[in-house]
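K.L.:
Would you be able to build a 3D model of this:
(4 chains)
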2 protein chains.
Amino acid sequence: MKLEKKTHITLQDVAKHAGVSRATASLVLRGSKHITESTREKVLTSMQQLGYVYDRVAANLRSKVSTTVGLIIMELANPFYSELLVGIHQELDKFGQTVILGTTFDSESIQERLLSTMLEHRVGGIILSAVPGSPSEPINRIEQLGIPVVLVGRRLPEAKCDYVGVDNIMGGRIAVDYLIHKGHRRIAFIGGYSQLSSWQGRKQGYDKAFEQAGLPIDPAMIIESPATRQGGIDAIEKLLRLPNRPTAIFCYNDTIAIGAMMKLQDAGICPGQDMAIVGFDDIPEAAILSPKLTTVSSFPRMMGAHAARLLYSRIEGSTLDPTAVILEPQLIIRDSCKFSGSS
Amino acid sequence: MKLEKKTHITLQDVAKHAGVSRATASLVLRGSKHITESTREKVLTSMQQLGYVYDRVAANLRSKVSTTVGLIIMELANPFYSELLVGIHQELDKFGQTVILGTTFDSESIQERLLSTMLEHRVGGIILSAVPGSPSEPINRIEQLGIPVVLVGRRLPEAKCDYVGVDNIMGGRIAVDYLIHKGHRRIAFIGGYSQLSSWQGRKQGYDKAFEQAGLPIDPAMIIESPATRQGGIDAIEKLLRLPNRPTAIFCYNDTIAIGAMMKLQDAGICPGQDMAIVGFDDIPEAAILSPKLTTVSSFPRMMGAHAARLLYSRIEGSTLDPTAVILEPQLIIRDSCKFSGSS
DNA sequence: CTGAAAGCGCTTACAG
DNA sequence: CTGAAAGCGCTTACAG
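P.N.:
Residues are numbered from 1 along each chain as shown, chains lettered A, B, ... in the order given. Predicted coordinates:
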């Protein structure tokens, strides 16, 4: 905890060593043009010699500036969020911002705590993938403080802030359209929870596709479960007990699809051959499964980059009305839908 | 950049509102016992009413304390590092420390820059997976400043600091022993670079296994390449051009193994059946490949947790000599080695 | 148990 | 172009 820097060099020391005032040294530090080349050099070499380390934290405190951004996501051990993080981190790095990380494991109380911690750390803004069903009041209160927040992936109805996500309705739509065109009539939708805005969107797309095809929807085909591999396994178990099994499965996301494929294989059902599978997100894993997973890409890395840019523009003072950046999803056709239903 | 908090409430405001001094309010904040219950309550309710946000940064500056830790790794889009990050983050969270992230992409100059940035942000310590071949002088200089650093996964010969890693020699040994016992005689070792301390260890284990079995080593079987999927693909291409192909492949890590399996499949060679494959690390992907990948687990999450604990003990003032925590690897036998060489 | 003063390391007007 | 002073929001001795 204690920073027991043995001989801690401050700007004061540098100034004295260079024979100038603290203010002058500070000016040199930030490359002011109002400094003579000769004093500039003197100060610079003094810094070198003394091994001076700039204290950005103290500087930020004084100048009321922040160079950190908070990122709150569900968990790290999930390729979707890893990819999101990569996009955010890479983009923010360009702006000289560093990210402070927090994971909620979808617990509302942890989210509350993290939000507080981030504020205490004087973040300039927050990127939040909110716990489903969490109240939007804390977010609005934070915005009130002048700290911008952008929601990513998961939307909160009442929150007055920016949002970056994929068009879930279209995503669900193109996935199910594709399956219907392949001749499937009984198509399950498994994984995720109906509180999730992304679940709702994907389900809506599913409904629309059925509607337009003039097909009836069987509520038994809709199975909620945690968005984990285990959740996929569990959902398949339930599905296999059904008297009238589906011929295709649209999974809430790729992680669910992985679990589903594992369980299917265990049950002697060949995914892709005996049962068509479509995922969502296109995480790196999707391409190495066998069969390679056909999935709807939500471009998580790009989502992250957009969120970072949007947040930074807010930090820089943009006062536009809250905007929503909706990425267009794309069906990535691979090998997990060879089977052609009852066509 | 600017933190234009509309009506920024400070401890001063709280104190005035509660009718006490700033010092008293500060004491309340940190739960001092020398405060009357009644004033405690007064102050607390004032904080509530005014919507006070504690400025931990200012507090840390004054009390010369740090609540952040720097983490520098090669890249985020790599399951090994994701897992490492999970372990570190989870453990550090328990100590109330937040992590500041940086990725080098194995560029020495980026690493230099990140190290500086972290110091400027007043991190209490640094966990570093160093760029191979980078000088240890900056690290020693940082330690000199009183900022502990722990190296993780990759060792630097001259660095006087803690290290957490897996026993690479043993890891290489058990992988190759296993293949030899399965009857293989021509075993390739592909991926990674010989500058990496982990590569050197695994290769040493490989050599030892051959030596003990009284088998000759063919230098053509050793192929270096970037530790990426593409690196695995490239290595296999080279391997297939060889007049005398191997019957088994020990991969520097699982990511290499994934690329290798992809390329093998493309070439009409069935991994696991026509060619045995062993990976290293046991990233989550290993279990979903088909065939499921037999691999040497390096327990990346546990590595992260150890590194975090070790660093924190240093931050707390531990002055033991630099220690090395070496985790014991474990062979995870799955399905990628069905073929039994020439036995 | 509480208050007045000094200080963490820096930057920001304001003089000169 | 450079210096002396005040202040960012907090904590830390030191009195009382």
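K.L.:
Please count neighbours and contacts with C-alpha atoms only from this point.
P.N.:
Noted.
K.L.:
Counting neighbours, what do you get for the residue of the stretch 51-200 of chain A found nearest DNA strand D?
P.N.:
Shortest the stretch 51-200 of chain A-to-DNA strand D distance, computed as C-alpha to the nearest atom of the strand: residue-wise this is A:R62, at 2.9 Å. Residues within reach of A:R62, counting by other C-alpha atoms under 10 Å in any protein chain shown, total 10.
K.L.:
For the residue positioned nearest the centre of chain A, identify the helix or strand it belongs to.
P.N.:
For chain A, the residue nearest the mean C-alpha position is A:L84 (4.2 Å; C-alpha atoms, centre = their mean). Per DSSP states H and E, A:L84 falls inside helix A:79-94.
K.L.:
Next: A:A188.
P.N.:
With secondary structure defined by DSSP H and E, A:A188 is part of strand A:187-190.
K.L.:
Could you identify the helix or strand that succeeds that strand?
P.N.:
Toward the C-terminal end, the helix or strand that comes next after strand A:187-190 (DSSP H and E) is helix A:197-212.
K.L.:
model confidence over that following helix, on average?
P.N.:
The average of the pLDDT scores along helix A:197-212 is 97.
K.L.:
buried stuff in it?
P.N.:
A:197-210 (16 or more other C-alpha atoms under 10 Å in any protein chain shown).
K.L.:
Now flag whichever of the residues you listed is closest to DNA strand D.
P.N.:
Closest approach between those and DNA strand D, by C-alpha to the nearest atom of the strand: A:S197, at 36.0 Å.
K.L.:
Who are the contact partners of the closest one?
P.N.:
Applying C-alpha atoms under 8 Å, 6 or more residues apart in numbering or on different chains, one finds that A:S197 lies in contact with A:132, A:154-156.
K.L.:
again, 6 Å this time
P.N.:
Counting by C-alpha atoms under 6 Å, 6 or more residues apart in numbering or on different chains, A:S197 makes contact with A:154-155.
K.L.:
Need the per-residue pLDDT for A:K2.
P.N.:
A:K2 is assigned a predicted lDDT (pLDDT) of 44.
K.L.:
Could you chop chain A up by domain?
P.N.:
As given by the TED database, the domain ranges for chain A are A:11-54, A:66-166+A:300-328, A:168-298.
K.L.:
mind checking the SS state of the residue of the stretch 51-200 of chain A closest to DNA strand D?
P.N.:
For A:R62, the assignment made with DSSP: H, G, I helix; E, B strand; the rest coil gives helix.
K.L.:
which residues touch the helix or strand where A:A260 lies?
P.N.:
Taking DSSP H and E as the criterion, A:A260 maps to helix A:254-266. Contacts with helix A:254-266, where a contact means C-alpha under 6 Å, 6+ apart, come from A:227-230, A:232-233, A:236, A:251, A:271, A:279-280.
K.L.:
pLDDT on it, on average?
P.N.:
Here the average pLDDT along helix A:254-266 is 96.
K.L.:
What of stretch A:289-300?
P.N.:
95.
K.L.:
Span of it from start to end?
P.N.:
Separation of the first and last residues of stretch A:289-300 by C-alpha to C-alpha, to the nearest Å is 19 Å.
K.L.:
which residues sit against it?
P.N.:
A:83-84, A:166, A:278-282, A:286, A:329-336, B:289.
K.L.:
hmm, back to that, following the chain past the helix holding A:L84, name the next helix or strand.
P.N.:
Downstream of helix A:79-94, the next assigned helix or strand under DSSP H and E is strand A:98-103.
K.L.:
residues touching the residue nearest to the centre of chain A, list them.
P.N.:
Contacts for A:L84 were tallied using C-alpha under 6 Å, 6+ apart; they are A:300-301, A:304.
K.L.:
same thing but 10 Å
P.N.:
A:L84 makes contact with A:73, A:76, A:78, A:152-153, A:299-305, A:307, B:77 under the criterion C-alpha atoms under 10 Å, 6 or more residues apart in numbering or on different chains.
K.L.:
Can I get those residues in TSV including neighbour count, distance to A:T98 and secondary structure?
P.N.:
What follows is the contacts of A:L84, written out as TSV (neighbours: other C-alpha atoms under 10 Å in any protein chain shown; distance: C-alpha to C-alpha, whole Å; DSSP: H, G, I helix; E, B strand; the rest coil):
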residue	neighbour count	distance to A:T98	secondary structure
A:I73	24	16	strand
A:L76	24	17	coil
A:N78	18	21	coil
A:V152	27	18	strand
A:G153	25	21	coil
A:F299	21	22	coil
A:P300	27	20	helix
A:R301	22	17	helix
A:M302	19	18	helix
A:M303	24	18	helix
A:G304	28	14	helix
A:A305	21	14	helix
A:A307	31	14	helix
B:A77	17	18	coil
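K.L.:
Tabulate those (TSV), appending distance to DNA strand C.
P.N.:
TSV is the format used below for the contacts of A:L84 (distance: C-alpha to the nearest atom of the strand, whole Å):
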residue	distance to DNA strand C
A:I73	32
A:L76	34
A:N78	39
A:V152	32
A:G153	36
A:F299	38
A:P300	36
A:R301	34
A:M302	33
A:M303	33
A:G304	30
A:A305	28
A:A307	27
B:A77	34
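K.L.:
Closest one of those residues to A:L92?
P.N.:
Distance to A:L92 across the contacts of A:L84 (C-alpha to C-alpha) is lowest for A:A305, with 8.1 Å.
K.L.:
right, and the closest one touches A:L92 too?
P.N.:
Yes. Counting by C-alpha atoms under 10 Å, A:L92 is a contact partner of A:A305 at 8.1 Å.
K.L.:
mind showing which ranges of chain A have poor pLDDT?
P.N.:
A:1-7, A:339-343 (pLDDT under 70).
K.L.:
go with 80
P.N.:
Flagging of chain A using pLDDT under 80 yields the residue ranges A:1-7, A:30-34, A:339-343.
K.L.:
so where do the strands sit in it?
P.N.:
In chain A, the strands defined using DSSP state E lie at A:68-73, A:98-103, A:125-128, A:149-152, A:162-166, A:187-190, A:222-223, A:248-251, A:276-281, A:294-297, A:324-327, A:330-332.
K.L.:
B:G102: which of those is closest?
P.N.:
Ranking the strands of chain A by their distance to B:G102 (criterion: C-alpha to C-alpha) puts strand A:98-103 first, at 8.1 Å.
K.L.:
List the buried residues of that closest one.
P.N.:
A:98-103.
K.L.:
Return the residues of the stretch 1-150 of chain A in contact with DNA strand C.
P.N.:
By the rule C-alpha under 7 Å from any atom of the strand, the part of the stretch 1-150 of chain A lying against DNA strand C is A:8-12, A:22-23, A:26-27, A:29-30, A:53-56, A:58-63.
K.L.:
Which ones among these also lie next to chain B?
P.N.:
Checking these against chain B by C-alpha under 10 Å from any C-alpha of the partner chain, the ones in range are A:8-9, A:53-56, A:58-63.
K.L.:
buried ones in the helix holding A:L84?
P.N.:
A:79-92.
K.L.:
And for A:I277, nearest residue in space, chain neighbours not counted?
P.N.:
Nearest residue to A:I277, sequence neighbours excluded (C-alpha to C-alpha, 6 or more residues apart in numbering or on different chains): A:I249, at 4.9 Å.
K.L.:
rewinding a little: what distance do you get for the residue nearest to the centre of chain A to DNA strand C?
P.N.:
Using C-alpha to the nearest atom of the strand, to the nearest Å, A:L84 is found at 32 Å from DNA strand C.
K.L.:
for A:T294, same thing?
P.N.:
52 Å.
K.L.:
Count the neighbours of that residue for me.
P.N.:
Counted with other C-alpha under 10 Å, A:T294 comes out at 26.
K.L.:
A:Y252 now?
P.N.:
Applying other C-alpha under 10 Å, we find 28 residues neighbouring A:Y252.
K.L.:
Who are the contact partners of the closest residue to it other than its chain neighbours?
P.N.:
Among residues not flanking A:Y252 along the chain, A:G191 sits closest, at 5.1 Å (C-alpha to C-alpha, 6+ apart). Counting by C-alpha under 10 Å, 6+ apart, A:G191 makes contact with A:199, A:222-236, A:250-257, A:260.
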